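Undergrad: Model the structure of this input:
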Amino acid sequence: MPLVLLPVMLSACSTSSKPDAKEQPTASRGPANPAGTANPGTAGPSASSGAPAAAPEVAGPSARRRLKLAGVVSGHITPKSVVASGRGLILAQNMMYTHTVTAYNRAGVLVKTIPDTVRLSDFGFGKYPGTDQGAPVEAAFAPDGRHAYISNYSMYGPRFGREGTDSCTPSSGYNSSFLYRLDTASLRIDQVLQVGAVPKYVAVSPDGRLVLASNWCSYSLSVLDAANGRQLRQVALGPYPRGIVVQPDSRTAYVAVMGSTRLARVDLRTYTVHYLPVGAGPRHLVRDRSGRWLYVTLNSEGRIAKVDLRSGRVVRKVATGQAPRSMAISADGQSLYVVNYESDTVSKVRTADMHVLQTVSTRHHPIGITYDSGTGDVWVACYSGSLMRFRDI
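TA: Alright, predicted model coming up:
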């Protein structure tokens with residue numbers, strides 16, 4: 001199918017993908033496996049730590065601007081997430097049975113479709129002969145932009161058992177999965193890293209030394225050495241960990257434990273864990289550039305929390321819509337952009353007082369969002385089968 005770029009808002013997509021797998025213990029699985037789903041449509045930096053990059057060249061503070069639809073990318077895609085490198089590359093992870101990552105330029109033109117098929121034995125995992133497939137969920141760019149790390153919800157092949165599920169525990173017996181490292185120059189997978197069961201979010205420390213993955217069914221955080229891809233530690237956290245941010249000094253990570261009301265604060269030197277109460281169903285995290293303020297989507301409450309990390313306390317909450325999922329922050333730190341999965345909307349929130357500045361409609365089931373620090377554009381992944389690009393002008 002061709003790329004479609006439209007200057008006006010579109011109605012909800014009619015594709016039949018089901019709600020987002022694993023984001024709420026009662027949520028249902030992604031779309032059924034259609035025949036011939038290998039190739040999405042053809043042609044026509046959000047920091048991996050969750051903090052904004054340098055301010056883009058756009059006029060005025062972000063809190064004074066308004067979101068306006070600039071285009072829609074369609075094709076054979078089921079984007080679970082979207083992430084901008086800040087250097088002109090946009091990656092969409094096409095969840096579950098589409099088995100691809102699609103790479104775009106800033107205009108929304110498809111650059112490459114990247115299959116999730118690998119030969120694990122080529123990357124040092126000799127117990128897995130032959131080829132296997134993954135299931136891309138999220139991605140994070142390394143600080144230098146040379147690589148992106150992609151989490152795979154489950155692996156599919158003769159030596160892997162049943163795929164992960166919505167409700168699970170560490171004793172459920174699901175297989176460990178893998179992260180793929182993508183070379184952003186060649187857009188080829190050049191390294192594979194083993195993590196826990198059903199990895200969801202992935203982050204890279206600001207100093208580039210560590211790669212972190214939240215393991216949904218292992219109830220843990222994998223901490224890996226970026227230099228060699230080896231796991232340094234798997235840290236127990238609690239049920240259904242998801243969003244991750246790493247502080248500017250790369251010494252502390254915060255992880256949203258979605259099956260609880262808490263965030264885990266992980267010391268990345270000692271691996272000790274402390275917990276901060278924030279509210280029901282914490283899912284996604286972003287921080288400001290200083291590391292003072294942390295923002296949390298509370299999926300079960302339909303609200304966003306602002307946390308003062310000096311005191312460890314929630315200072316304000318605001319309602320945005322039903323089931324707020326992913327979130328991005330502007331380069332100047334003045335605005336949050338939040339997708340509300342069940343409301344089919346994006347909310348723009350002023351960080352200073354957590355006031356909702358604007359709410360715009362999206363296609364069905366907006367699930368992922370990213371802010372392109374090079375342009376100020378906001379990209380939204382709609383799980384029903386499209387990417388939407390908004391200008392904040």
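Undergrad: where does this structure dip in pLDDT?
TA: Along the chain, segments meeting pLDDT under 70 span 1-59.
Undergrad: Can you name the helix or strand that the closest residue to Y295 other than its chain neighbours falls in?
TA: With Cβ to Cβ, 6 or more residues apart in numbering as the criterion, Y295 has its nearest non-adjacent residue at 5.2 Å, and that residue is V286. To be clear about C-beta, it is placed using only N, CA and C from the backbone, and glycine gets the same treatment. In this assignment (DSSP states H and E), V286 forms part of strand 282-287.
Undergrad: Over to A352?
TA: Here A352 is assigned to no helix or strand, by DSSP H and E.
Undergrad: how close does the closest residue to it other than its chain neighbours sit to S186?
TA: Spatial nearest neighbour of A352, chain neighbours left out: Q334 (7.0 Å); criterion: Cβ to Cβ, 6+ apart. Q334 is 37 Å from S186, where distance means Cβ to Cβ, to the nearest Å.
Undergrad: Enumerate every residue touching the residue nearest to the spatial centre of the chain.
TA: Centroid-nearest residue in the chain, with Cα atoms, centre = their mean: E138, separated by 4.2 Å. E138 sits next to 80-81, 83, 93, 150-151, 200-202, 368 when contact means Cβ atoms under 8 Å, 6 or more residues apart in numbering.
Undergrad: Could you grab the helix/strand/coil label for it?
TA: Following DSSP: H, G, I helix; E, B strand; the rest coil, the label given to E138 is strand.
Undergrad: What strands line up against the helix or strand hosting T113, and which way round?
TA: T113 belongs to strand 110-115 when assigned by DSSP H and E. Strand 110-115 pairs in its sheet with strand 100-104 (antiparallel), by DSSP bridges.
Undergrad: what's in contact with the strand it pairs with?
TA: Contacts for strand 100-104 (Cβ under 8 Å, 6+ apart): 38-40, 73, 75, 77, 79, 89-94, 110-116, 136, 139, 150, 182, 187, 387.
Undergrad: Which among the residues you listed count as buried?
TA: 40, 73, 75, 77, 79, 89-94, 110, 113-114, 116, 136, 139, 150, 182, 187, 387 (16 or more other Cβ atoms under 10 Å).
Undergrad: What about the closest residue to N152 other than its chain neighbours, how many residues nearby?
TA: Sequence neighbours aside, G134 is the residue nearest to N152 in space, at 3.3 Å (criterion: Cβ to Cβ, 6+ apart). G134 has 27 neighbours, counted by other Cβ atoms under 10 Å.
Undergrad: show me the contacts for G134.
TA: 99, 116-118, 150, 152-156, 177-178, 180.
Undergrad: separation between it and L179?
TA: 9 Å.
Undergrad: which residues do those two both contact?
TA: What both G134 and L179 touch, as defined by Cβ under 8 Å, 6+ apart, is the set 150, 152.
Undergrad: how about the strands in the stretch 201-350 of the chain?
TA: 210-215, 220-225, 231-236, 241-246, 252-257, 262-267, 273-277, 282-287, 293-298, 303-308, 313-319, 324-329, 335-340, 345-350 (DSSP state E, counting those that start in this stretch).
Undergrad: List every C-alpha atom in the first one, with coordinates, as PDB.
TA: Which is strand 210-215. Output in PDB follows, covering the C-alpha atoms of strand 210-215 (Å, rounded to 0.1, in the frame of the first residue of the first chain):
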ATOM      1  CA  LEU A 210      24.100   0.300  30.200                       C
ATOM      2  CA  VAL A 211      21.100  -1.000  28.400                       C
ATOM      3  CA  LEU A 212      18.000  -1.700  30.500                       C
ATOM      4  CA  ALA A 213      15.000  -3.800  29.800                       C
ATOM      5  CA  SER A 214      11.800  -4.300  31.900                       C
ATOM      6  CA  ASN A 215      10.700  -7.900  31.900                       C
END
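Undergrad: Show me what that strand is packed against.
TA: strand 199-204, strand 220-225, strand 241-246 (3 or more Cβ pairs under 8 Å, 6 or more residues apart in numbering; DSSP states H and E).
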